[in-house]
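In: sharing a sequence plus its predicted fold:
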Amino acid sequence: MALCVGVLLRPSDAAAHLVTTGMGPVYDGIGHLLLTPEDLVPVLALALFAGLRGAAQGRRAMFLLPLIWLAGGLIGLRVTAAPAFPVPAFSFLILGGLVAADLRLPANGVAVLAVVLGLVHGVLNGAALRQGAGGLGLLGIMAALFVLVALASAFVVSLERPWARIAVRVAGSWVAASGLLLLGWSLR
Amino acid sequence: MSFSRKRAHSFAVPLLVGLALAAMPHPAIAHVEQGQAAGFLTGLRHPWSGLDHVLAMIAVGLWGAQLGNPALWLLPVTFPMMMSLGAVMGLIGMGLPGVEVGIALSSLLLGGMVMGEVRPKLAVAVLLVGFFAIFHGHAHGTELPRGQSGLLYSMGFVIATGCLHGMGIGIGLVHRWPAGRLALRGAGAFIAGMGLFFLARALT
């Protein structure tokens, strides 16, 4: 958590990428999440991981992630610069790796991941939405997060056949591999 | 391991078929793809840019299908991960000697594994696949031009690689039938033969 905050304090130019749906700021927020792979894929990876850990962890992520993301977003609305740290690459790498490894973390491991992911990406989203949908956009993102995590984690929980869980782990490895490649891209 | 006459004969047919196919004239398809890393579709296309890459990735799937669980999914997980590591090395300018030779050897050895239905320990298989994946990744990494969306390119690239493995696994499912096993070994012989061809080109 402290490392996270330290990273966030290191500024660079904010590169906002706004989505305008024409249906108002809430839908702009929903569109922002759905059309931004840097946020969408780590969210899905977290949901998959939570689902692999069971229904209770899935429920925890479903409620925790949107709330923390909102808190991060409200902080981000007041931030004028974004970190130079390649956040999406590390989100992909860590969360994808956890899914691929099907790692058994301590009981509150998923909750910690949800807090870190929500805080970091929430701040970045907030900074991106400063000049666009603003706070209402964050509400849209919250709603989309809740639905996405609920559906994805419930889907994984419902899988019974061993090969289906393996397919989820393979998807996680693809996410991790993409993150590694993206990290190299950012270091270039 | 001693080879009986019967075992040598079982090797000979797929080997001859494979060599016959490999001896057919093919255009030299070196993977020199120049273009813009502009997005998901570009990344999706890139692993298909060289026959040497395609054959090696399919060979991984074929071998995984032959070996069965857990290699069936572990090998196609290992390859993209290590390939990405190799790509990072290429992207940051870290040198790797003999990249083209390594790529050629990957087709030769992985094809040979499929041809011979070689069943090493899981760790050995994973290490072998991971080792060669680094060469493939490094080659891709050094030739990636600067583009606009590294993320979408990366995702397309990895997905295409995974799909090639999936193709290999799908083809490899014929392993459950005796005729399919022979066909699979023939495919391995073909890939190994092509690996020899790529190796000859890399060394000249």
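Out: Cool, the structure landed.
In: which helix in chain B has the most residues?
Out: When chain B is parsed with DSSP state H, its longest helix is helix B:178-203.
In: now it: how far from the chain's centre is it?
Out: In terms of CA atoms, centre = their mean, to the nearest Å, the gap separating the centre of helix B:178-203 from the centre of its chain is 11 Å.
In: again, but for stretch B:108-123
Out: Taking CA atoms, centre = their mean, the mean C-alpha location of stretch B:108-123 is offset from the chain mean by 12 Å.
In: buried sites along it?
Out: By 16 or more other CB atoms under 10 Å in any protein chain shown, the buried positions in stretch B:108-123 come out as B:108-118. C-betas here are computed from N, CA, C, even on glycine.
In: and it, what's its mean pLDDT?
Out: Here stretch B:108-123 scores 95 as its mean pLDDT.
In: what about it, how long is it end to end?
Out: Distance across stretch B:108-123, first residue to last, is 20 Å (CA to CA, to the nearest Å).
In: what strand or helix carries the residue nearest the centre of chain A?
Out: In chain A, the residue lying closest to the centroid (CA atoms, centre = their mean) is A:V43, at 3.5 Å. In the assignment (DSSP states H and E), A:V43 maps to helix A:37-53.
In: convert the C-alpha atoms of that helix to CSV, please.
Out: C-alpha atoms of helix A:37-53 as CSV (Å, rounded to 0.1, in the frame of the first residue of the first chain):
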residue,chain,number,x,y,z
PRO,A,37,-8.3,-2.2,-21.9
GLU,A,38,-5.8,-0.8,-19.4
ASP,A,39,-8.6,-0.9,-16.8
LEU,A,40,-11.0,-3.5,-18.1
VAL,A,41,-8.5,-6.4,-18.4
PRO,A,42,-7.1,-6.1,-14.8
VAL,A,43,-10.7,-5.9,-13.5
LEU,A,44,-11.6,-9.0,-15.3
ALA,A,45,-8.4,-10.7,-14.2
LEU,A,46,-9.2,-9.8,-10.6
ALA,A,47,-12.7,-11.1,-11.0
LEU,A,48,-11.4,-14.4,-12.5
PHE,A,49,-9.0,-14.8,-9.7
ALA,A,50,-11.6,-14.1,-7.1
GLY,A,51,-13.9,-16.6,-8.8
LEU,A,52,-11.1,-19.2,-8.7
ARG,A,53,-10.8,-18.6,-4.9
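In: what packs against it?
Out: helix A:25-34, helix A:55-76, helix A:87-101, helix A:109-129, helix A:134-158, helix A:162-187, helix B:150-172 (3 or more CB pairs under 8 Å, 6 or more residues apart in numbering or on different chains; DSSP states H and E).
In: does chain B sit close to the third one?
Out: Yes: if you take CB under 8 Å from any CB of the partner chain as the test, helix A:87-101 does meet chain B, through A:88, A:100.
In: between helix A:109-129 and that helix, find me the angle.
Out: 150 degrees (axes from the mean of the first three to the mean of the last three CA atoms, to 10 degrees).
In: buried ones in helix A:87-101?
Out: A:87-100.
In: just the longest one next, same as before
Out: Neighbour counts using 16+ other CB under 10 Å place A:166, A:168-186 of helix A:162-187 among the buried residues.
In: helices or strands up against that helix?
Out: helix A:37-53, helix A:87-101, helix B:71-91, helix B:150-172.
In: average pLDDT for it?
Out: Mean predicted confidence for helix A:162-187 is 90.
In: the shortest one too?
Out: Throughout helix A:25-34, pLDDT has a mean value of 88.
In: tell me if that helix is near chain B.
Out: No: using CB under 8 Å from any CB, helix A:25-34 stays clear of chain B, with a minimum separation of 14.7 Å.
In: show residues contacting that helix.
Out: Helix A:25-34 is contacted from outside by A:18-21, A:39-40, A:43, A:125, A:128-129, A:132-134, A:136-145, A:148, using CB atoms under 8 Å, 6 or more residues apart in numbering or on different chains.
In: report the buried members of the residues you listed.
Out: Using 16+ other CB under 10 Å, the buried ones in the contacts of helix A:25-34 are A:19, A:21, A:39-40, A:43, A:125, A:128-129, A:132-134, A:137-145, A:148.
In: and the pLDDT at A:D13?
Out: With respect to pLDDT, A:D13 scores 40.
In: before we move on, back to that, quick one: buried residues of the longest helix of chain B?
Out: The neighbour-count check on helix B:178-203 (16+ other CB under 10 Å) flags B:183-199, B:202 as buried.
In: and it, what does it pack against?
Out: So helix B:178-203, by 3+ CB pairs under 8 Å, 6+ apart, packs with helix B:5-23, helix B:51-67, helix B:99-116, helix B:150-172.
In: about what we covered before: can you redo the buried residues of stretch B:108-123 as a markdown table with distance to B:L127?
Out: A markdown table is the format used below for the buried residues of stretch B:108-123 (distance: CB to CB, whole Å):
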| residue | distance to B:L127 |
| --- | --- |
| B:L108 | 17 |
| B:L109 | 12 |
| B:L110 | 13 |
| B:G111 | 18 |
| B:G112 | 16 |
| B:M113 | 13 |
| B:V114 | 17 |
| B:M115 | 20 |
| B:G116 | 18 |
| B:E117 | 19 |
| B:V118 | 14 |
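In: what does chain B have sitting close to chain A?
Out: So far as CB under 8 Å from any CB goes, chain B lies against chain A at B:73, B:76-77, B:80-81, B:83-85, B:87-92, B:141, B:146, B:150-155, B:157-159, B:161-162.
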